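Enquirer: give the three-dimensional model of this entry:
(one chain, ligands or ions: 1)
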Amino acid sequence: MASEDLQKMVDMLRRGATLLSKACPACSSPLFKVDGKIWCPTCEKQVIVMREGEPPPPELSSLLLSSLANAIYDKLREVEARIRKARETDDLQESLRLAVGLLEVLERIKRLT
Ligand SMILES: [Zn+2]
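Expert: You can find the predicted model right below:
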């Protein structure tokens, strides 16, 4: 551990942070709790710790789901172009199968949000 990292930890403790028994998943430094947030002094960022079987924090899951939905919309646009261009029945069938799969994911995202 670099001495400046140690210094950062000491500073955090001085500011009233609590030392946790968990380690940062990225750099394995000890984590601190400050203002209800878990913070890694080495990465200098907030760490979201998930315990097994515990649902992810709501802000994380809605962010993830909306970003997933955006990715699906992008793919749907690609599939739409493929459907328009399809000349062979096989091509068309494959593209339609893809579209149905993507729409199903969107439907599930909608049910979760
Ligand atoms: Zn870290």
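Enquirer: tell me the mean pLDDT for stretch 44-60?
Expert: On average, the pLDDT along stretch 44-60 is 72.
Enquirer: can you check stretch 28-36 too?
Expert: 88.
Enquirer: for it, the distance to its chain's centre please.
Expert: 20 Å (C-alpha atoms, centre = their mean, to the nearest Å).
Enquirer: over to that stretch now: how far is its first residue from its last?
Expert: Distance between the two ends of stretch 28-36: 20 Å, counting by C-alpha to C-alpha, to the nearest Å.
Enquirer: one more: stretch 22-33?
Expert: 10 Å.
Enquirer: report the buried residues of that stretch.
Expert: 24, 29, 30, 31, 32 (16 or more other C-beta atoms under 10 Å). All C-beta atoms are positioned from the backbone trio N, CA, C, and that covers glycine.
Enquirer: make CSV out of those residues and add distance to residue 11 and secondary structure.
Expert: Shown next, in CSV, are those (distance: C-beta to C-beta, whole Å; DSSP: H, G, I helix; E, B strand; the rest coil):
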residue, distance to residue 11, secondary structure
24, 17, coil
29, 14, coil
30, 14, strand
31, 15, strand
32, 10, strand
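Enquirer: these also near the ion: which ones?
Expert: Checking those against the ion by C-beta under 5 Å from the ion, the ones in range are 24, 29.
Enquirer: show me which of the buried residues of stretch 22-33 is closest to the ion.
Expert: Taking C-beta to the ion as the measure, the ion lies nearest residue 24 of those, at 3.1 Å.
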